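Undergrad: Provided below are the primary sequence and the corresponding predicted coordinates.
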Amino acid sequence: MSSMCRACFMASLLCCYCSSVASSISHDKLRELNMDFAVRLYQTLVTMENRTNLVVSPSSVASSLGLLQFGAQGNTFAQMESILGYNVHGNV
C-alpha cells in the first residue's frame, strides 16, 4: 500500500472517529473531557522517574485511543472508555 493510500485511509478513520463522538457529545463536554485527560496524562508523566526530555501531545494520544476503541472489546474497551471519559459511540 502506498504512503498516500495509507494516509488517506488514516484520515478517513479519523473523520469517522470524530463524527461518531461529536454527533452524541456536545463540543463543550468533549473539550472538557479532553482537557481532563490531558491534565491526568501530564500528572502521570510527572510522577515517572524518567529524567529525559519528553514531548507528548495529549490530543494525539486521545485520538489514538479513540481510534483503537473501534477495534476493542470487553475489558480493553472499558479501560479505554474509563481513561478517556467517553467511548466512540458517544456515551459519557
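TA: Structure received.
Undergrad: Can you list the buried residues in the helix or strand containing residue 37?
TA: In this assignment (DSSP states H and E), residue 37 forms part of helix 27-47. The neighbour-count check on helix 27-47 (16 or more other C-beta atoms under 10 Å) flags 30, 33, 34, 37, 38, 41 as buried. For the C-beta atoms, the positions are set from N, CA and C on the backbone; glycine is no exception.
Undergrad: now swap in stretch 67-77 and tell me
TA: 67, 69, 72, 77.
Undergrad: Relative to the whole chain's centre, how far out is stretch 51-60?
TA: How far stretch 51-60 lies from its chain's middle: 15 Å, per C-alpha atoms, centre = their mean, to the nearest Å.
Undergrad: Kindly check the end-to-end length of that stretch for me.
TA: 22 Å (C-alpha to C-alpha, to the nearest Å).
Undergrad: re the thing from before, can you redo the buried residues of stretch 67-77 as JSON lines with distance to residue 59 and secondary structure?
TA: Formatted as JSON lines, these follow (distance: C-beta to C-beta, whole Å; DSSP: H, G, I helix; E, B strand; the rest coil):
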{"residue": "67", "distance to residue 59": "13", "secondary structure": "helix"}
{"residue": "69", "distance to residue 59": "16", "secondary structure": "helix"}
{"residue": "72", "distance to residue 59": "20", "secondary structure": "coil"}
{"residue": "77", "distance to residue 59": "21", "secondary structure": "helix"}
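Undergrad: Lovely, talk soon.
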